[in-house]
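J.: Compute the structure for the input listed below.
(chains A and B)
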2 protein chains.
Amino acid sequence: MKNNTFEELGDVILQAEKILLFPHVNPDGDALGSSAALCRALRKMGKSCYVLIEDKMPANLAFLDRGYFTEDQQIVGRPDLSVCIDCGDEGRFAKRKERFRSAPVTMCIDHHQTTEYYCDFNYVDSKAAACGELIYRLLRVMGAEIDKEIGEAIFTAITTDTGNFQYANTTKESHEIVASLYEAGIDTAGVSVALYENVRLEKMRIKNRVLETMSTICEGRGVIAYVTQDMLKETGALMEETEGIVQELRSIQGVEIAALIKESKSREIRVSLRAKYSADVAAIASAFGGGGHTRAAGCTLHCSLTEAFDILKEKITESLTETDD
Amino acid sequence: MKNNTFEELGDVILQAEKILLFPHVNPDGDALGSSAALCRALRKMGKSCYVLIEDKMPANLAFLDRGYFTEDQQIVGRPDLSVCIDCGDEGRFAKRKERFRSAPVTMCIDHHQTTEYYCDFNYVDSKAAACGELIYRLLRVMGAEIDKEIGEAIFTAITTDTGNFQYANTTKESHEIVASLYEAGIDTAGVSVALYENVRLEKMRIKNRVLETMSTICEGRGVIAYVTQDMLKETGALMEETEGIVQELRSIQGVEIAALIKESKSREIRVSLRAKYSADVAAIASAFGGGGHTRAAGCTLHCSLTEAFDILKEKITESLTETDD
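T.: Sure thing, here's the model as predicted:
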């Protein structure tokens, strides 16, 4: 497996007139920021370019859309080139796969770990913190001007995928790229308000309700909270809006393991687990047929919420006691 | 007013043997990160150096202390040089002022806006996002090796003072400096867990209680919440631990003005105000004898909590109606 060069990618792009971009399903700041940046740059080169999506734009990323995003698969007729962005495989744009394949030439720009290429031209770099970094490098090689709007889209990609430059995937290059974006006059504070100050009231309310259910165990080294279907109904929130709460539980002083118990259906309980420094929550999850990473894992239990609580309490206590040894 | 050069500062430092560093009272990540970085660098140059503080180290910054910080004012006897760090005036280290002045030579390294110098040697740059950036520049000019520990202390200074690179004070140089710190092998994810995942359970609980009191006004364009002395007693939290809640209120979708009403004493109500895009909360605050910036302001009311709520509700509604016009 060998990447094409950005020069090769640039040449292929320059030869195309009608270009469709394909970010992954349930798109995030990196997928949409990268797509918006590339779309604007290609339009400035005179290309007919759109970003084809299959979901609604998340409200906090709507600012990226200046007429680039569409769900209309027929938008440019038959494209000359399809570019998938931030997608590890075709399953990540399943509903648009046929349209993707309708172009005579396909291209993949991605930063996920992969074992095989699925496009005619590929640039995959799993060391890049964000796909936006690869878009930046491509545009530089193509000699495209990075204006304020492109800069802010790339900043969005990088800041969201690095957890605001805190995650371990952040590199020297992430900061070097953002430093250079300042030359385009990016307004990072403005982007940040758009990204992070757009929280649904219902999401705020469900977080509050969930945090009220916190129980600490093992002298505060473990913490467990839960969310029920009734709580969702009462607050009007969606289950997906409980994402992030388990990290907030982990952020409590002294907590090593945090668990969020989610009542998915009757007798179907999903569990999110996080560890801070030394515990192995993948081991806990795999004991129940789940899996994940050492510090972030999950599993599904088929029992009542109360039973799930007791089972987890026992298993987390056991894990924390082992960590002591 | 003209700054000394870093070369001049470096020469003065090299001539001293016993050096005391003075971060400001109620020290934050910038004050303590900058001090720790400079202290370690000076010790590596063979200096006898300590950071003199007058408060307990915040728990989330304790990782910076590898024997540098002390409250013992006699620690090195009479210092040859006193350096105040991140302090705009002597009032910022009032309890240590005499000790500061006991050195034959004084130095100030700061990034606050100021109108006059108060030390023998001064370097004040209000364009720097963090004092840590100035420490970095000084160490570079002095030819000091930036090792992992110094790098992580400077990263702490910059990431905390820029709101993780989101605030408007962040510059191209902030990112350039952090990029170069990666060469020292800094572990930003580790620093970030230490900084942000060290939240007192009591703080989490008071936030929860306060968010429960949220009322939205003007169709969700305003939000008001409150904290009482009873709520603090019940959760065991300190009033200062309610900091940050008003920003969380502002982060709700559609909210333009957020207010947090704090029952300080009987009939003494402190109010924190935040605006998101267009409202002027300084105007609201000044109507009640307070002040601040357009987007962040505060005032004190002498009335009951309920009265304060009604007064603010009216004033915020008025301001939001004006913003419409």
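J.: Low-confidence ranges, the stretch 51-200 of chain A, go.
T.: Of all residues in the stretch 51-200 of chain A, none has pLDDT under 70.
J.: OK, contacts around residue A:12?
T.: By CB atoms under 8 Å, 6 or more residues apart in numbering or on different chains, the contact set of residue A:12 is A:81, A:105, A:107, A:121. No exception for glycine: its C-beta is placed from N, CA and C like everyone else's.
J.: and if we set it to 10 Å?
T.: Contact analysis of residue A:12 by CB atoms under 10 Å, 6 or more residues apart in numbering or on different chains lists A:4, A:19, A:80, A:81, A:83, A:105, A:106, A:107, A:120, A:121.
J.: May I see the buried residues of the helix ranked longest in chain A?
T.: In chain A, with assignment by DSSP state H, the single longest helix is helix A:305-324. Neighbour-count burial for helix A:305-324 flags A:305, A:308, A:309, A:311, A:312, A:313, A:315, A:316, A:319, A:320, A:323 (criterion: 16 or more other CB atoms under 10 Å in any protein chain shown).
J.: Export those to CSV and append columns for distance to residue B:252 and pLDDT.
T.: Below are these laid out as CSV (distance: CB to CB, whole Å; pLDDT from 0 to 100):
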residue, distance to residue B:252, pLDDT
A:305, 29, 96
A:308, 31, 97
A:309, 30, 97
A:311, 36, 96
A:312, 32, 97
A:313, 33, 97
A:315, 36, 97
A:316, 33, 97
A:319, 36, 96
A:320, 36, 96
A:323, 38, 64
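J.: for chain A, what spans make up the helices?
T.: According to DSSP H, the helices that chain A contains are A:6-15, A:29-44, A:97-101, A:131-141, A:148-161, A:172-181, A:188-196, A:201-212, A:229-235, A:245-250, A:281-287, A:305-324.
J.: Select, out of the ones you listed, the one closest to residue A:219.
T.: Counting by CB to CB, residue A:219 lies closest to helix A:305-324 out of these; the figure is 9.3 Å.
J.: touching chain B at all, that closest one?
T.: No. Between helix A:305-324 and chain B, judged by CB under 10 Å from any CB of the partner chain, nothing touches; the nearest distance is 16.1 Å.
J.: Remind me what that helix packs against, helices and strands.
T.: strand A:215-217, strand A:222-227, strand A:257-265, strand A:268-275, helix A:281-287, strand A:296-301 (3 or more CB pairs under 10 Å, 6 or more residues apart in numbering or on different chains; DSSP states H and E).
J.: Just want the angle from the second one to helix B:201-212.
T.: Counting by axes from the mean of the first three to the mean of the last three CA atoms, to 10 degrees, strand A:222-227 points 20 degrees away from the direction of helix B:201-212.
J.: Are strand A:222-227 and chain B in contact anywhere?
T.: Yes. Part of strand A:222-227 sits near chain B under the criterion CB under 10 Å from any CB, namely residue A:223.
J.: Within range of chain B, give me the residues from the stretch 201-325 of chain A.
T.: A:201-205, A:207-212, A:214, A:216, A:220, A:223, A:247-255, A:258, A:274, A:276-277, A:295.
J.: re earlier: adding distance to residue B:266 and neighbour count as columns, could you present the contacts of residue A:12 in JSON lines?
T.: JSON lines is the format used below for those (distance: CB to CB, whole Å; neighbours: other CB atoms under 10 Å in any protein chain shown):
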{"residue": "A:4", "distance to residue B:266": "72", "neighbour count": "19"}
{"residue": "A:19", "distance to residue B:266": "67", "neighbour count": "26"}
{"residue": "A:80", "distance to residue B:266": "74", "neighbour count": "19"}
{"residue": "A:81", "distance to residue B:266": "71", "neighbour count": "23"}
{"residue": "A:83", "distance to residue B:266": "65", "neighbour count": "30"}
{"residue": "A:105", "distance to residue B:266": "74", "neighbour count": "17"}
{"residue": "A:106", "distance to residue B:266": "71", "neighbour count": "21"}
{"residue": "A:107", "distance to residue B:266": "68", "neighbour count": "24"}
{"residue": "A:120", "distance to residue B:266": "74", "neighbour count": "15"}
{"residue": "A:121", "distance to residue B:266": "72", "neighbour count": "20"}
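J.: buried stuff in stretch A:96-116?
T.: Applying a neighbour-count criterion of 16+ other CB under 10 Å, one finds A:96, A:99, A:100, A:103, A:105, A:106, A:107, A:108, A:109, A:110, A:111, A:114 buried in stretch A:96-116.
J.: what's the closest of the residues you listed to residue A:24?
T.: Comparing these against residue A:24 with CB to CB places residue A:110 closest, at 9.1 Å.
J.: mind listing what residue A:192 touches?
T.: By CB under 10 Å, 6+ apart, the contact set of residue A:192 is A:155, A:156, A:159, A:164, B:163, B:164, B:165, B:166, B:167, B:168, B:170.
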